[in-house]
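# Quick one, what's the 3D model for this:
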Amino acid sequence: MFETLTERLQRAFKNLRGQGKLTEEHLDAALGEIREALLEGDVNVTVADEFIAHVREKALGAEVLLQLSPDQQVVKIVRDQLGELLGREAKPQFGSRPPAVWLLVGLQGSGKTTSTGKLGKWMAEHGHRPIVVSTDVYRPAAREQLAQVAKSTGTPLWPGAGTDKPLEIVRGAMREAKLSACDVILVDTAGRLHIDDELMNELSLLKRELNPTEVLFVADAMIGQDAVKSAGEFHKRLGVTGVVLTKMDGDARGGAALSIRKVTGAPVKFVGVGEKYDALEPFLPDRVVSRILGMGDVLGLIEKAEKTIDAKKARELERKLREDEFTLEDFRDQLRQIRKMGSLEQLMGMLPKVGPFAKLPKDASLDEGRLKSVEAIINSMTAAERSNHNLIDGKRRKRIARGSGTSVQQVNEVLKQYADMRRMMKQYGSMAKMKGRGIGKLAGLK
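A predicted model of the protein is given here:
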């Protein structure tokens, strides 16, 4: 997400470094690159032009801080303008009288059914009791698909059996929600391959019947500006309160996320960042701005670690660090903790693109394979060898290599990485008070 945009912006800022003063000539050259970066990132052309005009006006105005260098001045102004473009965090609304109703709308194939399941899981994790229901009586097996999703996420489902009328289905869901004390109803509606009056009339009837607290337009980020255009049409007809952008972990360039609020007036509220049902995140504009500018999302990384890492194991690891008892078994456990946090590509995307993190590989697929290879090597060791690495002589290394399908050289590399990490942890063990220490070192395996 935003990789192309980030790279181009970094290049534009770099060209301003070393300039003693921010001149109009230097600014125009930088803004030209920034405009190209926005357009390459699939930002709406009108939005891009307005953005550049605002940046230029502020850069040449009295608001520029004299103590900043030219590149710092432009970065600050671009950051502020991106913040204005994305707006403040738009928190989900649940209303004052349960059950709240969230109506999910959008074109066919945008990911409404999967997003319904993801939202159900997200709500359950945040203290709500959701129930899901499908009103898609047209697409073959649509309701069965939602039933499978609900089963996978452990979310209650109203099947709406015995009727093919959307209004009767949602009325039954309302009754069931009240009887079972569910405080949110997630309504997965029918979609089309195009917007038509029949679809909109049905959605308008559902909206009038349910009086939803949220009308969420689900858009496939991969289709870029077409998603923005569709969101605008739905907003005119239904009054969309927010947007869910799916497939933001794919080849999406991120422009839809930057354009959609300006074009439609509806904020992005959630983004899908993977295929698993827990791969849904609230859209936090300030963190997105930070990532676009190459500053990373360290807070997001910490939150992901806190959510994933076992607190009991973290305390035990802290004790082992203090007492210099860190073994290959612990080394393997740390690898597993990292893999639970998500792909290395996602994790590295949350790191700032400066300092020691500036040269991290763009494609983390090799590193993912490396993690699996390291774990296979450690799994091929005996319990005694994992507890005491000094037992591993040349003969044992050959056996471990055969058992893990690797080479002796790879086994040696793993043992060296472990020894380096053990020395580092011994040195800083007394200072290790945060969960998941050592993650940065492990993520840099090469």
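# right, and Asp42 touches Ala257 too?
No. Taking contacts as CB atoms under 8 Å, Asp42 lies outside contact range of Ala257: 9.5 Å. (Glycine included, C-beta is placed from N, CA and C.)
# These two: who's more crowded?
In this view Asp42 and Ala257 are compared by other CB atoms under 10 Å, and Ala257 has more residues nearby, 29 against 24.
# For the more buried one, give its distance to Lys269.
Counting by CB to CB, to the nearest Å, the gap from Ala257 to Lys269 is 11 Å.
# what do you get for Glu144?
Here the criterion is CB to CB. By it, Glu144 lies 28 Å from Lys269.
# cool, His26 as well?
Distance of His26 to Lys269, given as CB to CB: 38 Å.
# Out of the two, name the residue with the larger neighbour count.
Neighbour totals were compared for His26 and Lys269, and Lys269 leads with 21 against 17 (other CB under 10 Å).
# Please name the residues that touch that one.
Residues in contact with Lys269 (CB atoms under 8 Å, 6 or more residues apart in numbering) are Ala90, Lys91, Pro92, Glu214, Leu216, Gly242, Val243, Val244, Pro282, Phe283.
# Then Val105?
By CB under 8 Å, 6+ apart, the contact set of Val105 is Lys112, Thr189, Gly191, Leu203, Val215, Leu216, Phe217, Val218, Phe234, Leu238, Val240.
# 7 Å - rerun?
The neighbours of Val105, taking CB atoms under 7 Å, 6 or more residues apart in numbering as the test, are Thr189, Leu203, Val215, Phe217, Phe234, Leu238.
# who touches the first one in this structure?
Thr189 is in contact with Leu103, Leu104, Val105, Lys112, Thr135, Asp136, Leu203, Leu206, counting by CB under 7 Å, 6+ apart.
# Model confidence score at it, please.
Here, the pLDDT recorded for Thr189 equals 92.
# What are the phi and psi values at it?
Thr189 has phi and psi values of phi -90, psi 170 when expressed as degrees, to the nearest 10.
# The residue lying closest to Arg56 once chain neighbours are set aside and Leu9: what is the separation?
Closest residue to Arg56 apart from its sequence neighbours, by CB to CB, 6 or more residues apart in numbering: Leu31 at 5.8 Å. According to CB to CB, Leu31 stands 11 Å off from Leu9.
# higher neighbour count, these two?
The residue with more neighbours, out of Leu31 and Leu9, is Leu9; 24 against 19, by other CB under 10 Å.
# wait, the more buried one sits on Ile34?
Yes. Applying CB atoms under 7 Å as the test, Leu9 and Ile34 come out as touching, 6.3 Å apart.
# Could you report the neighbour count for Glu209?
Neighbour tally, Glu209, other CB under 10 Å: 14.
# is it fair to say it lies in a helix?
Yes. The assignment for Glu209, made by DSSP: H, G, I helix; E, B strand; the rest coil, places it in a helix.
# I'd like to know how far it sits from Phe94.
Applying CB to CB, the value for Glu209 to Phe94 is 19 Å.
# Give me the phi and psi for the residue positioned nearest the centre of the chain.
The centre of the chain sits closest to Val273, judged by CA atoms, centre = their mean, with a distance of 4.3 Å. Dihedral pair for Val273: phi -120, psi 20, per degrees, to the nearest 10.
# Give me the pLDDT for Lys178.
On the pLDDT scale, Lys178 is placed at 92.
# Now it: closest residue in space that isn't a chain neighbour?
Using CB to CB, 6+ apart, the closest residue to Lys178 is Pro99 (6.7 Å).
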